[in-house]
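>>> Have a look at this prediction, sequence included:
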Amino acid sequence: MAIRKIVYYPADILEQSCREVTKFDRKLGKLLDDMYDTMIEFDGVGLAAPQIGIPERIALVDIDDESGTIEMINPRILETSGEQTGPEGCLSFPDLYGEVTRPNYVKIEAYNRKGKKYILEAEEFLARAIQHEIDHLDGILFTSKVNRYLEPEELKGEENE
Ligand SMILES: [Zn+2]
């Protein structure tokens, strides 16, 4: 296990589009394992590769529910619908929280670490976390979507993505 260093804003790598993964090898598996350890270490519910300095289309989400850890490689959003508004944070912006409106439902296509394609549907908080991470792969940060920033007293146990 290895904890990687988090890249904090501002950093160019957080605002650029990441490249597609072409090799599904052991190195990719090791990277995903390190990303998981790093996400857990920093109490996140998601982490994208650019947040540890790697400009590739790889992200994880784990909101600690029955879905388990979702590994997304080269993910693509196929469909969205509805709307939800709620608090959001990001491991690259320590102690910053804002209210963000996003689609309530998302359907994605992505690859797992073995290179197998899968389809996943999600709603509510899981859909929020997935969209937040996929945004990272296109250099889009949650701060560009914040309706209003939240004061510390408005937050109770919010988690970071
Ligand atoms: Zn984030």
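Arrived safely. Numbering: from 1, shown residues only.
>>> can you give me the helices in the chain?
Using DSSP state H, the helices of the chain run over residues 26-41, 124-137.
>>> how distant is stretch 94-114 from the center of its chain?
Stretch 94-114 has its C-alpha centroid displaced from the chain centroid by 6 Å (C-alpha atoms, centre = their mean, to the nearest Å).
>>> Look up how far Gln84 lies from Glu124.
As for Glu124, its distance to Gln84 is 6 Å (criterion: C-beta to C-beta, to the nearest Å). Glycine gets a C-beta too; all of them are placed from N, C-alpha and C.
>>> For the chain, which residues score under the pLDDT cut-off?
Scanning the chain for pLDDT under 70 picks out 157-159.
>>> Now it against the ion: closest residue?
Of all residues in the chain, Cys90 sits closest to the ion, at 3.2 Å by C-beta to the ion.
>>> want to try TSV for the helices of the chain, with distance to the ion and mean neighbour count as columns?
Converted to TSV, the helices of the chain look like this (distance: least, C-beta to the ion, whole Å; neighbours: other C-beta atoms under 10 Å):
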stretch	distance to the ion	mean neighbour count
helix 26-41	11	16
helix 124-137	6	23
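>>> mind putting the ones you listed in TSV, distance to Ser67 included?
What follows is the helices of the chain, written out as TSV (distance: least, C-beta to C-beta, whole Å):
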stretch	distance to Ser67
helix 26-41	14
helix 124-137	6
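>>> which stretches of this protein form strands?
Using DSSP state E, the strands found in the chain span residues 46-48, 58-61, 70-81, 84-90, 93-102, 105-111, 117-123, 146-149.
>>> rewinding a little: find the residues that touch each one of Glu124 and Gln84.
The contact sets of Glu124 and Gln84 overlap at Asn104 (C-beta atoms under 8 Å, 6 or more residues apart in numbering).
>>> show me what contacts the spatially most central residue of the chain?
In the chain, the C-alpha nearest the mean C-alpha coordinate belongs to Glu133, at 2.4 Å (C-alpha atoms, centre = their mean). Glu133 makes contact with Gly46, Leu47, Ala48, Ala59, Leu60, Val61, Met72, Glu161 under the criterion C-beta under 8 Å, 6+ apart.
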